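>>> following is a predicted model, sequence given first.
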Amino acid sequence: MSDNPYECDTLLQQYLVFHYATGAEQFPYPFGGADALDFPTRCVREGLDLEGLKPDSKALDLGCAVGRSTFELSRHCAEVLGIDYSAAFIRAANELRAKGSLQVKRLDEGAAHTTLDLKIDSSMHRERVRFETGDAQDLPAELGSFDVVLACNLICRLTEPMRLLDRLPQLVRPGGQLFITTPFTWLEAYTPRANWLGEGSADSFEGLRDSLEPAFILEKTWDMPFLIREHARKFQYSIAQASRWRRVDV
Ligand SMILES: C[S@@+](CC[C@H](N)C(=O)[O-])C[C@H]1O[C@@H](n2cnc3c(N)ncnc32)[C@H](O)[C@@H]1O
(Lines give C-alpha, C1' and ligand atoms only; values in the text may rest on other atoms or scores of the structure.)
Protein backbone atom coordinates (compact mmCIF):
# COMPACT_ATOMS: atom_id res chain seq x y z
CA MET A 1 0.00 0.00 0.00
CA SER A 2 1.27 3.49 -0.87
CA ASP A 3 2.30 5.82 1.97
CA ASN A 4 1.21 8.83 -0.13
CA PRO A 5 -1.97 10.10 1.63
CA TYR A 6 -3.30 11.35 -1.72
CA GLU A 7 -3.62 7.73 -2.90
CA CYS A 8 -6.08 6.70 -0.18
CA ASP A 9 -9.86 6.36 -0.64
CA THR A 10 -10.68 8.85 2.12
CA LEU A 11 -8.82 11.71 0.43
CA LEU A 12 -10.03 10.63 -3.02
CA GLN A 13 -13.64 10.87 -1.80
CA GLN A 14 -12.95 14.19 -0.01
CA TYR A 15 -11.38 15.74 -3.10
CA LEU A 16 -14.12 14.51 -5.45
CA VAL A 17 -16.71 16.13 -3.16
CA PHE A 18 -14.55 19.28 -2.75
CA HIS A 19 -14.16 19.67 -6.52
CA TYR A 20 -17.51 18.50 -7.95
CA ALA A 21 -20.33 18.32 -5.38
CA THR A 22 -22.79 21.20 -5.25
CA GLY A 23 -22.60 23.75 -2.44
CA ALA A 24 -25.64 22.18 -0.74
CA GLU A 25 -24.14 18.68 -1.00
CA GLN A 26 -20.93 19.90 0.64
CA PHE A 27 -22.17 22.34 3.27
CA PRO A 28 -25.92 22.11 4.00
CA TYR A 29 -26.02 24.83 6.66
CA PRO A 30 -27.38 28.37 6.51
CA PHE A 31 -24.40 29.84 8.40
CA GLY A 32 -20.65 30.21 7.80
CA GLY A 33 -18.65 28.33 5.19
CA ALA A 34 -20.48 29.27 2.00
CA ASP A 35 -17.88 31.93 1.08
CA ALA A 36 -15.29 29.15 0.86
CA LEU A 37 -17.15 26.86 -1.59
CA ASP A 38 -16.25 26.37 -5.29
CA PHE A 39 -12.55 26.95 -4.71
CA PRO A 40 -11.27 25.08 -7.83
CA THR A 41 -13.69 27.06 -10.02
CA ARG A 42 -12.82 30.37 -8.35
CA CYS A 43 -9.12 29.72 -8.95
CA VAL A 44 -9.80 30.04 -12.67
CA ARG A 45 -12.62 32.61 -12.65
CA GLU A 46 -11.09 34.97 -10.07
CA GLY A 47 -7.45 34.04 -10.37
CA LEU A 48 -6.79 34.62 -14.06
CA ASP A 49 -7.00 37.55 -16.41
CA LEU A 50 -9.44 35.62 -18.64
CA GLU A 51 -10.00 38.50 -21.05
CA GLY A 52 -6.27 38.56 -21.78
CA LEU A 53 -6.30 34.92 -23.00
CA LYS A 54 -6.17 34.17 -26.73
CA PRO A 55 -8.49 31.38 -28.02
CA ASP A 56 -5.50 29.14 -28.86
CA SER A 57 -4.05 29.36 -25.33
CA LYS A 58 -2.42 26.34 -23.68
CA ALA A 59 -2.76 25.77 -19.95
CA LEU A 60 -1.08 23.57 -17.37
CA ASP A 61 -2.67 22.70 -14.01
CA LEU A 62 0.03 21.39 -11.68
CA GLY A 63 -1.14 19.35 -8.68
CA CYS A 64 -4.55 19.20 -10.37
CA ALA A 65 -5.86 16.49 -7.99
CA VAL A 66 -9.17 15.19 -9.43
CA GLY A 67 -9.23 17.92 -12.05
CA ARG A 68 -11.99 20.49 -11.46
CA SER A 69 -9.80 23.54 -12.27
CA THR A 70 -8.41 21.70 -15.30
CA PHE A 71 -11.93 21.24 -16.72
CA GLU A 72 -12.77 24.85 -15.85
CA LEU A 73 -9.70 26.00 -17.84
CA SER A 74 -11.08 24.19 -20.90
CA ARG A 75 -13.76 26.90 -21.19
CA HIS A 76 -11.01 29.43 -21.93
CA CYS A 77 -8.07 27.52 -23.44
CA ALA A 78 -7.68 25.28 -26.49
CA GLU A 79 -5.50 22.70 -24.70
CA VAL A 80 -5.26 21.92 -21.02
CA LEU A 81 -2.96 19.47 -19.28
CA GLY A 82 -3.52 18.45 -15.66
CA ILE A 83 -0.63 16.76 -13.85
CA ASP A 84 -0.77 15.17 -10.41
CA TYR A 85 1.46 12.79 -8.48
CA SER A 86 -1.48 10.70 -7.28
CA ALA A 87 -2.39 7.83 -9.62
CA ALA A 88 -5.75 7.43 -7.81
CA PHE A 89 -6.65 11.11 -8.39
CA ILE A 90 -5.62 10.97 -12.06
CA ARG A 91 -7.64 7.75 -12.57
CA ALA A 92 -10.76 9.51 -11.26
CA ALA A 93 -10.05 12.63 -13.36
CA ASN A 94 -9.63 10.46 -16.46
CA GLU A 95 -12.88 8.64 -15.76
CA LEU A 96 -14.69 12.00 -15.50
CA ARG A 97 -13.03 13.06 -18.76
CA ALA A 98 -14.09 9.87 -20.57
CA LYS A 99 -17.65 9.50 -19.21
CA GLY A 100 -18.53 13.02 -18.04
CA SER A 101 -19.77 11.58 -14.74
CA LEU A 102 -18.67 9.58 -11.73
CA GLN A 103 -20.30 8.27 -8.57
CA VAL A 104 -18.77 9.06 -5.20
CA LYS A 105 -19.67 7.92 -1.70
CA ARG A 106 -19.75 11.07 0.41
CA LEU A 107 -19.07 10.37 4.09
CA ASP A 108 -21.86 11.61 6.36
CA GLU A 109 -20.92 10.15 9.76
CA GLY A 110 -19.33 6.96 11.09
CA ALA A 111 -19.89 4.40 8.33
CA ALA A 112 -22.88 6.24 6.78
CA HIS A 113 -22.47 7.51 3.24
CA THR A 114 -24.57 9.15 0.55
CA THR A 115 -23.93 8.25 -3.09
CA LEU A 116 -23.58 11.36 -5.25
CA ASP A 117 -23.61 11.49 -9.04
CA LEU A 118 -20.90 13.95 -10.02
CA LYS A 119 -21.09 15.47 -13.49
CA ILE A 120 -18.92 17.55 -15.81
CA ASP A 121 -21.09 20.37 -17.09
CA SER A 122 -21.54 20.24 -20.88
CA SER A 123 -20.18 23.81 -21.14
CA MET A 124 -16.75 22.38 -20.34
CA HIS A 125 -14.74 20.95 -23.24
CA ARG A 126 -13.66 17.51 -22.09
CA GLU A 127 -11.96 16.87 -25.44
CA ARG A 128 -9.52 19.73 -24.77
CA VAL A 129 -8.33 18.20 -21.49
CA ARG A 130 -5.61 15.62 -20.77
CA PHE A 131 -4.52 14.23 -17.42
CA GLU A 132 -1.17 12.64 -16.58
CA THR A 133 0.52 11.40 -13.47
CA GLY A 134 3.78 13.22 -12.88
CA ASP A 135 6.02 14.95 -10.39
CA ALA A 136 5.82 18.75 -10.48
CA GLN A 137 9.39 18.81 -9.19
CA ASP A 138 10.70 16.69 -12.03
CA LEU A 139 8.72 17.59 -15.13
CA PRO A 140 9.89 16.22 -18.48
CA ALA A 141 12.25 18.49 -20.41
CA GLU A 142 10.01 18.23 -23.50
CA LEU A 143 6.86 19.48 -21.70
CA GLY A 144 7.11 22.83 -23.49
CA SER A 145 5.67 26.16 -22.37
CA PHE A 146 2.18 27.46 -21.56
CA ASP A 147 0.13 30.66 -21.58
CA VAL A 148 -1.32 29.77 -18.19
CA VAL A 149 0.14 27.76 -15.34
CA LEU A 150 -1.86 27.01 -12.18
CA ALA A 151 -0.29 25.67 -9.01
CA CYS A 152 -3.08 25.68 -6.44
CA ASN A 153 -2.33 24.51 -2.91
CA LEU A 154 0.64 22.54 -4.19
CA ILE A 155 3.79 24.31 -3.02
CA CYS A 156 3.56 23.31 0.64
CA ARG A 157 2.99 19.68 -0.36
CA LEU A 158 6.31 19.42 -2.22
CA THR A 159 9.53 18.02 -0.78
CA GLU A 160 11.58 20.65 -2.59
CA PRO A 161 9.36 23.57 -3.70
CA MET A 162 12.39 25.35 -5.20
CA ARG A 163 12.70 22.61 -7.84
CA LEU A 164 9.31 23.65 -9.22
CA LEU A 165 9.79 27.40 -8.67
CA ASP A 166 13.12 27.31 -10.54
CA ARG A 167 11.41 25.59 -13.49
CA LEU A 168 8.48 28.04 -13.75
CA PRO A 169 10.23 30.68 -15.91
CA GLN A 170 10.64 27.98 -18.60
CA LEU A 171 7.06 26.73 -18.24
CA VAL A 172 5.31 30.10 -18.57
CA ARG A 173 5.60 31.84 -21.93
CA PRO A 174 6.61 35.51 -22.04
CA GLY A 175 3.46 37.52 -21.25
CA GLY A 176 1.82 34.39 -19.78
CA GLN A 177 0.07 34.07 -16.43
CA LEU A 178 1.03 32.11 -13.35
CA PHE A 179 -1.57 31.64 -10.62
CA ILE A 180 -0.47 30.28 -7.26
CA THR A 181 -2.48 29.65 -4.14
CA THR A 182 -1.11 28.30 -0.91
CA PRO A 183 -2.16 28.26 2.74
CA PHE A 184 1.56 27.81 3.57
CA THR A 185 0.69 24.79 5.71
CA TRP A 186 4.27 23.67 6.13
CA LEU A 187 4.57 20.16 7.56
CA GLU A 188 7.77 18.16 7.89
CA ALA A 189 5.78 15.12 6.68
CA TYR A 190 5.79 16.72 3.22
CA THR A 191 8.57 19.35 3.21
CA PRO A 192 11.76 19.17 5.29
CA ARG A 193 12.04 22.36 7.34
CA ALA A 194 15.17 23.48 5.52
CA ASN A 195 13.05 23.72 2.33
CA TRP A 196 10.19 25.84 3.75
CA LEU A 197 10.00 29.09 1.77
CA GLY A 198 10.91 32.24 3.62
CA GLU A 199 13.15 30.62 6.22
CA GLY A 200 15.75 33.23 5.32
CA SER A 201 13.35 36.19 4.96
CA ALA A 202 10.38 37.81 6.69
CA ASP A 203 7.70 35.27 5.79
CA SER A 204 6.70 32.54 3.35
CA PHE A 205 5.25 34.95 0.80
CA GLU A 206 8.49 36.95 0.76
CA GLY A 207 10.28 33.65 0.08
CA LEU A 208 7.89 32.97 -2.81
CA ARG A 209 8.38 36.48 -4.18
CA ASP A 210 12.18 36.20 -3.92
CA SER A 211 12.11 33.00 -5.94
CA LEU A 212 9.77 34.29 -8.71
CA GLU A 213 11.15 37.81 -9.27
CA PRO A 214 12.50 39.16 -11.56
CA ALA A 215 11.33 36.53 -14.12
CA PHE A 216 7.73 37.27 -13.01
CA ILE A 217 5.98 40.49 -12.00
CA LEU A 218 3.43 40.26 -9.20
CA GLU A 219 0.07 41.55 -10.50
CA LYS A 220 -2.01 41.04 -7.39
CA THR A 221 -2.31 39.07 -4.20
CA TRP A 222 -5.37 38.36 -2.05
CA ASP A 223 -6.90 35.88 0.42
CA MET A 224 -8.99 32.95 -0.83
CA PRO A 225 -10.91 30.80 1.66
CA PHE A 226 -11.61 27.17 0.84
CA LEU A 227 -13.64 24.47 2.56
CA ILE A 228 -12.99 20.74 2.55
CA ARG A 229 -15.71 18.53 4.02
CA GLU A 230 -14.53 15.61 6.17
CA HIS A 231 -18.05 14.58 7.20
CA ALA A 232 -21.43 16.23 7.78
CA ARG A 233 -20.25 17.97 10.94
CA LYS A 234 -16.54 18.45 10.33
CA PHE A 235 -14.93 20.77 7.80
CA GLN A 236 -11.48 22.19 7.17
CA TYR A 237 -11.74 25.95 6.60
CA SER A 238 -8.44 27.33 5.27
CA ILE A 239 -7.37 30.62 3.79
CA ALA A 240 -4.95 30.37 0.90
CA GLN A 241 -2.82 33.28 -0.16
CA ALA A 242 -3.54 33.79 -3.85
CA SER A 243 -1.16 35.56 -6.19
CA ARG A 244 -1.17 36.20 -9.91
CA TRP A 245 2.13 36.71 -11.69
CA ARG A 246 2.99 37.75 -15.24
CA ARG A 247 6.00 36.29 -17.02
CA VAL A 248 8.23 39.14 -18.05
CA ASP A 249 8.31 39.71 -21.81
CA VAL A 250 11.84 38.90 -22.88
C1 LIG B 1 -3.64 20.14 -1.30
S2 LIG B 1 -3.91 19.25 -2.80
C3 LIG B 1 -4.44 20.55 -3.92
C4 LIG B 1 -5.14 20.02 -5.13
C5 LIG B 1 -5.80 21.02 -6.06
N6 LIG B 1 -4.83 21.82 -6.78
C7 LIG B 1 -6.75 21.90 -5.31
O8 LIG B 1 -6.46 23.10 -5.19
O9 LIG B 1 -7.78 21.39 -4.87
C10 LIG B 1 -2.25 18.92 -3.33
C11 LIG B 1 -2.19 18.11 -4.61
O12 LIG B 1 -0.83 18.07 -5.05
C13 LIG B 1 -0.53 16.76 -5.45
N14 LIG B 1 0.93 16.60 -5.35
C15 LIG B 1 1.68 16.44 -4.24
N16 LIG B 1 3.00 16.33 -4.57
C17 LIG B 1 3.06 16.47 -5.92
C18 LIG B 1 4.12 16.45 -6.86
N19 LIG B 1 5.40 16.28 -6.48
N20 LIG B 1 3.83 16.60 -8.17
C21 LIG B 1 2.53 16.75 -8.58
N22 LIG B 1 1.49 16.76 -7.74
C23 LIG B 1 1.74 16.63 -6.42
C24 LIG B 1 -1.33 15.86 -4.54
O25 LIG B 1 -1.48 14.57 -5.07
C26 LIG B 1 -2.62 16.66 -4.44
O27 LIG B 1 -3.50 16.32 -5.47
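Yep, that arrived. This is a predicted model, so every value here is computed, not measured.

>>> for this structure, what lies in contact range of the ligand?
When proximity is defined by C-beta under 6 Å from any ligand atom, the chain lies next to the ligand at 6, 40, 63-65, 83-86, 89, 135-137, 152-154, 157-158. Where you see a C-beta, it was placed from the backbone N, CA and C, and this is true even at glycine.

>>> helix, strand, or coil at the nearest residue to residue 104 once chain neighbours are set aside?
Excluding its sequence neighbours, the residue lying closest to residue 104 (C-beta to C-beta, 6 or more residues apart in numbering) is residue 16, at 4.4 Å. Per DSSP: H, G, I helix; E, B strand; the rest coil, the secondary structure class of residue 16 is helix.

>>> how about the contacts made by residue 16?
Neighbour list for residue 16: 66, 92, 102, 104, 118 [criterion: C-beta atoms under 8 Å, 6 or more residues apart in numbering].

>>> who does the helix or strand harbouring residue 237 pair up with?
Using DSSP states H and E, residue 237 sits within strand 234-247. Next to strand 234-247 in the sheet, as set by DSSP bridges, lie strand 172-182 (antiparallel), strand 216-231 (antiparallel).

>>> give me every residue that touches the spatially closest residue to residue 28 that is not a sequence neighbour.
The shortest distance from residue 28 to any non-neighbouring residue, by C-beta to C-beta, 6+ apart, is to residue 232 (7.8 Å). Residues near residue 232 by C-beta under 8 Å, 6+ apart: 28, 107-109.

>>> check residue 126 too.
71, 74, 96-97, 100, 120.

>>> the same query, at a cut-off of 6 Å, please.
residue 97 (C-beta atoms under 6 Å, 6 or more residues apart in numbering).

>>> where in the chain is pLDDT low?
Applying pLDDT under 70 to the chain flags the ranges 1, 200-202.

>>> quick one: the strands in it, in order.
58-62, 79-84, 101-109, 112-119, 129-133, 146-152, 172-182, 216-231, 234-247 (DSSP state E).

>>> parallel or antiparallel, which strands does the third one pair with?
Put plainly, it is strand 101-109. With DSSP bridges as the test, strand 101-109 is paired with strand 112-119 (antiparallel).

>>> what number of residues lie near residue 70?
31 (other C-beta atoms under 10 Å).

>>> and it, how far from residue 97?
Going from residue 70 to residue 97 by C-beta to C-beta, to the nearest Å gives 9 Å.
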